[in-house]
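[1] sequence-free structure coming up:
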C-alpha cells in the first residue's frame, strides 16, 4: 500500500482489501480520507460493491468466480482510467477540504461597451457567466478563465430590455461559488 492517498489513487488491491475489511485501521483511515474527496475512487468503490452485493444474492455456486471477476474488473478499470505519469492538464488541482468559505465574485456595474467585468476570486481557475431574461430564463452562458467577457450580439440582449446576470467561480473540483444576481442594462 502506498504511504499516502492524498496525492495518488489507491491500488486495486487496496480497494479490494477495503471492501473485504482486511485493511488495518491506519490504512483504512488513509483510504477513507482519500475517498472523501476523490469522486473517481468513490464511484469505483460503489461499482465493485454493487457487483459484490449482487454476487451475494446469487446462488453459492456462482460466488466462486464472481469475486475474482469483480477484482479483475476493478483492476482493469484502474489501470485504464488512471494516468500513471505526471498530469497533462495544466489547470491547477484543488485539494482543499470541503466547507472552506470562499469569497464570491463581485460584479462591476455595466456593461461598459458590452464588456462584463467582475473581481478575481482566489483559487478560481474558471468563471461561468450567465445572463437571464426578466423572467429568469437563461438567455446566454459562457465560461472563461478571465475576469471579463465581451457580451456578443448573439446573446439576445437588446437595448432597453431588462436582464440579470451573475458569475460563478470554480474554486475546486465540482465546487463553485456564485456572485449576487445583478441587473444588466444594455
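    Okay, I see it. Just so we're clear, the structure is a prediction, and the values are computed from it rather than from any experiment. Numbering: from 1, shown residues only.

[2] what is the strand ranked longest in the chain packed up against?
    In the chain, with assignment by DSSP state E, the single longest strand is strand 163-172. For strand 163-172, the elements it packs on are strand 126-133, strand 175-178, strand 182-184, judged by 3 or more Cβ pairs under 8 Å, 6 or more residues apart in numbering; DSSP states H and E. C-beta: built from backbone N, CA, C; applies to glycine.

[3] please identify which of the ones you listed is closest to residue 76.
    Nearest of those to residue 76, taken as Cβ to Cβ: strand 175-178 at 30.4 Å.

[4] state the distance from residue 139 to residue 185.
    15 Å (Cβ to Cβ, to the nearest Å).

[5] looking at those two, which is more packed in?
    Neighbours per residue, other Cβ atoms under 10 Å: of residue 139 and residue 185, the larger number sits with residue 139, 16 against 13.

[6] per-residue confidence for residue 89?
    Residue 89 carries a pLDDT value of 52.

[7] closest one to residue 20 among the helices and strands packed on strand 163-172?
    Of all the helices and strands packed on strand 163-172, strand 175-178 comes closest under Cβ to Cβ, at 32.5 Å.

[8] quick one: buried residues of stretch 38-58?
    Across stretch 38-58, burial judged by 16 or more other Cβ atoms under 10 Å covers 38, 41, 44-45, 48, 51-52, 55.

[9] correction: stretch 18-33
    18-19, 23, 27, 30-31.

[10] with stretch 169-183 instead?
    Neighbour counts over stretch 169-183 (16+ other Cβ under 10 Å) mark 169-172, 175-177, 179, 182 as buried.

[11] start to end distance for that stretch?
    End-to-end distance for stretch 169-183, by Cα to Cα, to the nearest Å: 19 Å.
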